[in-house]
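Enquirer: here's a sequence, model it:
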Amino acid sequence: MKTLRVLNLAAIALLCVLTFNSTNLFAQRTAPAPVPVGPPMPAGNPLFPIGPLPLLTPQRSAGPGVPIIQNYDGIDFLGSNCGCLPPDTNAAVGNSYVTEAVNFQIRVFDRITGAILLDEPLSTLFGSASGGDPYVVHDDLADRWYVSAFDSDDVGLFLAVSNDGNPLDGFKVYDLRNLGGFPDYNKLGYNKDAVFVSYNDFGSSGGAARILAIDKAAILGGTLTSYLSRPKSQFRAMPPAQMHGDTAGGVEWFVSTDGTDAGGSTIRVTQMTNYLSNSPHFRYASLPVAAYQNATTADQPGGSNSITTFPNTTTTQVHYRNGHLVTAMASATATDGFVYPKGLIYQIGATPNKKPKLLHQVVINPGPGVAVQMPSVDEDSQGNLGFSWMESSSTEYLSMWVGARGKNLNSTTVAAPGGGYFYYGSRIGDYSSTAIDPADGLTFWSANEYIGADGLNDIWLTHLTSFTAH
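Expert: Here you go, the predicted model:
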């Protein structure tokens, strides 16, 4: 969703003093020490399985929580080269690098040390001004990086494809046009033989999912060959799967709500075949799940307490691994009368040309009155789930959490505790991300946001955390 400009004169004045004279443009900004308000933050969050087919046995961790490996701040508001909100943070991991994209900025970190190796505006990456809303993935099949965002006039999308597996070695940029105008909420996925860009067509349809399938062999060779299709009506989000380990090709998967973000009791799983043609085929399956509804309330300590819950009830990232699809969204459940958002995680068995099967549902529910927003999830090579979310309540500032659920661990840990009041409440953000490090198939990397101690200037901070389910 397109970012909103923040008319905060103090913050904009600070932005104006930044200069672009090296590949490391902004120093890492250290947030002030959090000042707690109200009762202490809870020590851990319960994870409740729902549904008749649990794959893993729920258990409470008696240990210290999720084993965190790396834990450092990403791009913050003052370093975003934007002066706008929300952050829309997301990140990908591959080889020795972690790449984060936020609003108008992209940053590459050393995976081990967290050192900043590249920090530049999207306009530098794309060679032209961008409308922002970037998304980044690492294609572990082709060992390439893809970055997408609005193009210069917001009627198309830029797609940057790395020259090799090192994001520091440069990108070739394509301007994807003829998409209908204002292709909002773009998301990236891939399989063996194609790269997929999904978006919400606000230009010609008023809001409906569209899918652009790009011939991977052609684009890696420097030629753009693409096919645009119109699937069954779906508002806002129909994210394509990142098909880790796909050796056959021929099928691309999507997981979304069943046509609307208002609520429901089914999720839609879509198989797409014959995609590198003008006559693709879609097969849809509506899988029954526990009822969910767009949430209305999220609190924070002090003041009016209100935090926006917009948008939620939207899937934002889909991974395929081990024959499973996993995705997450924030939405309200019946446990509190459909008021506060909770984190909903779905694991789905996916076999080409067969009907998908819901394997497992998990609700991230820290308790009554606690809001869970912007969740994301991936599955490691052993079938364990790792996930991240933002959390707040009347006694907890907006914080970043991570959790893991597997055969030997069912626990959560606060990765970045919130420290101050969240003043800018029109949108909470549009997405977060969680991805497995292809180096070992076991280490999760999550990118999410939290609020610093000075909520007027620390409008949002982003954070990168790696952890395991072991």
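
Enquirer: the strands in the stretch 1-150 of the chain, which residues?
Expert: 4-5, 47-50, 68-73, 84-85, 90-94, 97-102, 105-110, 116-121, 132-139, 144-150 (DSSP state E, counting those that start in this stretch).

Enquirer: what does the last one contact?
Expert: With contacts defined as CB atoms under 8 Å, 6 or more residues apart in numbering, strand 144-150 is touched by 2, 92, 94, 99, 101, 106, 122, 125-126, 130-139, 156-162, 164-165, 167, 171, 183, 186, 188, 190, 195, 197, 220. Placement of C-beta: from N, CA and C, glycine included.

Enquirer: one more: the third one?
Expert: Applying CB under 8 Å, 6+ apart, the set of residues contacting strand 68-73 from outside is 28-31, 109, 111-112, 114, 402, 413, 415-416, 443, 445, 461-468.

Enquirer: and what of the longest one?
Expert: Under the contact criterion CB under 8 Å, 6+ apart, strand 132-139 has outside partners 1-3, 82, 84, 88, 90-94, 99-104, 106, 122, 144-150, 184-190, 195, 242, 430-431, 435, 438.

Enquirer: please convert the buried members of these into ChimeraX selection syntax.
Expert: Of these, the buried ones can be selected in ChimeraX as follows, counting by 16 or more other CB atoms under 10 Å:
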select :1,3,82,84,88,90,91,92,93,94,99,100,101,102,103,104,106,122,144,145,146,147,148,149,150,184,185,186,187,188,189,190,195,242,430,431,435,438
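
Enquirer: from the chain's centroid, how far away is stretch 173-188?
Expert: Remark: stretch 173-188 is offset 18 Å from the chain centroid, using CA atoms, centre = their mean, to the nearest Å.

Enquirer: for the protein, which spans come out with low pLDDT?
Expert: For the chain, applying pLDDT under 70 flags the ranges 1-64.

Enquirer: hey, where'd the helices end up in it?
Expert: 9-15, 122-126, 216-220 (DSSP state H).

Enquirer: my read: residue 244 touches residue 318, true?
Expert: No - the pair residue 244 / residue 318 is not scored as a contact, 11.1 Å apart, by CB atoms under 8 Å.

Enquirer: where do the strands sit along the stretch 301-450 of the chain?
Expert: 318-321, 324-332, 341-349, 357-364, 371-379, 385-393, 396-405, 410-416, 433-436, 444-450.

Enquirer: tilt between the longest one and strand 444-450?
Expert: Right, strand 396-405. Using axes from the mean of the first three to the mean of the last three CA atoms, to 10 degrees, one finds that strand 396-405 and strand 444-450 are set 170 degrees apart in direction.

Enquirer: quick one: buried residues of strand 396-405?
Expert: Neighbour-count burial for strand 396-405, with 16+ other CB under 10 Å as criterion, is recorded at 396, 397, 398, 399, 400, 401, 402, 403, 404, 405.

Enquirer: got a list of what the fifth one touches?
Expert: Right, the one you point to is residue 400. 388-391, 414-416, 446, 448-450, 463, 465.

Enquirer: any idea which strand is longest in the chain?
Expert: What stands out as the longest strand in the chain, according to DSSP state E, is strand 281-293.

Enquirer: who wins on neighbours among the contacts of residue 400?
Expert: residue 448 (33 neighbours; other CB atoms under 10 Å).

Enquirer: could you pull up the contacting residues of it?
Expert: When contacts are counted by CB under 8 Å, 6+ apart, residue 448 touches 89, 374, 376, 388-390, 400, 415-416, 432, 462-463, 465.

Enquirer: most widely separated two among those?
Expert: 376 and 416 (14.9 Å; CB to CB).

Enquirer: how deep is the closest residue in space to residue 249 that isn't next to it in sequence tucked in, by neighbour count?
Expert: What sits nearest to residue 249 in space, not counting adjacent residues and going by CB to CB, 6 or more residues apart in numbering, is residue 192, at 3.6 Å. With neighbours defined by other CB under 10 Å, the count for residue 192 comes to 17.

Enquirer: tell me which residues touch residue 192, please.
Expert: Applying CB under 8 Å, 6+ apart, the residues near residue 192 are 141, 216, 243, 246, 247, 248, 249.

Enquirer: please repeat the previous calculation with a cut-off of 7 Å.
Expert: 141, 246, 247, 248, 249 (CB atoms under 7 Å, 6 or more residues apart in numbering).

Enquirer: any idea which of those is closest to residue 328?
Expert: Nearest to residue 328 among these, with distances taken as CB to CB, is residue 246, at 21.1 Å.

Enquirer: wait, the closest one sits on residue 141?
Expert: Yes - the pair residue 246 / residue 141 is scored as a contact, 6.4 Å apart, by CB atoms under 7 Å.

Enquirer: ok, now how distant is residue 308 from residue 187?
Expert: 22 Å (CB to CB, to the nearest Å).

Enquirer: and residue 177, by the same measure?
Expert: Distance from residue 177 to residue 187, by CB to CB: 19 Å.
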